[in-house]
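> quick one, fold the following:
(chains A and B)
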Amino acid sequence: GAGVSQSPSNKVTEKGKDVELRCDPISGHTALYWYRQSLGQGLEFLIYFQGNSAPDKSGLPSDRFSAERTGGSVSTLTIQRTQQEDSAVYLCASSPPGGGLGAQYFGPGTRLLVL
Amino acid sequence: DQQVKQNSPSLSVQEGRISILNCDYTNSMFDYFLWYKKYPAEGPTFLISISSIKDKNEDGRFTVFLNKSAKHLSLHIVPSQPGDSAVYFCAASGGTYKYIFGTGTRLKVLA
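Modelled structure (predicted):
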């Protein structure tokens, strides 16, 4: 079946602009995660959704970052007034019901470059 | 404060030999550990896991060892194949959905 998809695959933007990143999880997966991987760093947890609600937003770096999920499916991560330090690969992952301790299925990521 | 550390950024191994990738953690509440493999331009893919009630888990050529007293886990790949060349991440959880990832080790298997 189809895996996790993310769009766009690459995004170049100017400092100060807003960007929106999209994630389509695997159908039926109730949990959805956003991570960020900066150059030379590990995956940094940003936010977790269970269904449409986000019980844990603790990883969002600043109030310029927000995310939503609708219909228990698609999620968008929005970065307002982008800064150069926001440049990174943004990864989305999903996991099935009851898969809290199980493996997460990752999308290919969106490579964001802020000039 | 890096709770999960992969101190070797890269490793080169000859085809057919054993690859050993190491991971150290600091939080004694971590009780579930995963290894992921990542190819360029792709997302990480799950490889193997281990819970703290075990000290070893094996799946084909891949074995993960957990030493709780040392807060150390390792991934062994035997025999190594060129297709194993990738970045390997370890991740740890304290029994919740939230995983802390290491910075990764780039493995290169030489033909």
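> drop to CA atoms for contacts and neighbour counts, all remaining ones
Noted.
> and chain B, which residues reach chain A?
Where chain B comes near chain A, counting by C-alpha under 8 Å from any C-alpha of the partner chain, the residues are B:32, B:34, B:41-46, B:89, B:93, B:95-104.
> I'd like the list of those residues that fall within strands, please.
Counted as lying in strands by DSSP state E, out of the residues of chain B next to chain A, are B:32, B:34, B:45-46, B:89, B:93, B:99-101.
> in chain B, what residue lies closest to chain A?
B:Thr103 (3.6 Å; C-alpha to the nearest C-alpha).
> and the lowest-mean-pLDDT helix or strand in chain B, what does it pack onto?
Scoring the helices and strands of chain B by mean pLDDT, DSSP states H and E places strand B:99-101 at the bottom, with a mean of 90. For strand B:99-101, the packing partners by 3 or more C-alpha pairs under 8 Å, 6 or more residues apart in numbering or on different chains; DSSP states H and E come out as strand A:43-50, strand B:86-93.
> that older thread, just the buried ones from the residues of chain B next to chain A, in PyMOL syntax?
Those of these that count as buried under 16 or more other C-alpha atoms under 10 Å in any protein chain shown are selected in PyMOL with:
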select buried, chain B and resi 32+34+43+44+45+46+89+93+97+98+99+100+101+102+103+104
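> residue nearest the centroid of chain A?
A:Trp34 (3.2 Å; C-alpha atoms, centre = their mean).
> most tightly packed of the helices and strands packed on strand B:99-101?
strand B:86-93 (a mean of 25; mean count of other C-alpha atoms under 10 Å in any protein chain shown).
> what are the pairing partners of that strand, and which direction each?
strand B:32-38 (antiparallel), strand B:99-101 (antiparallel), strand B:105-110 (antiparallel) (DSSP bridges).
> quick one, that strand and strand A:43-50 angle?
Orientation of strand B:86-93 against strand A:43-50 (axes from the mean of the first three to the mean of the last three C-alpha atoms, to 10 degrees) gives an angle of 60 degrees.
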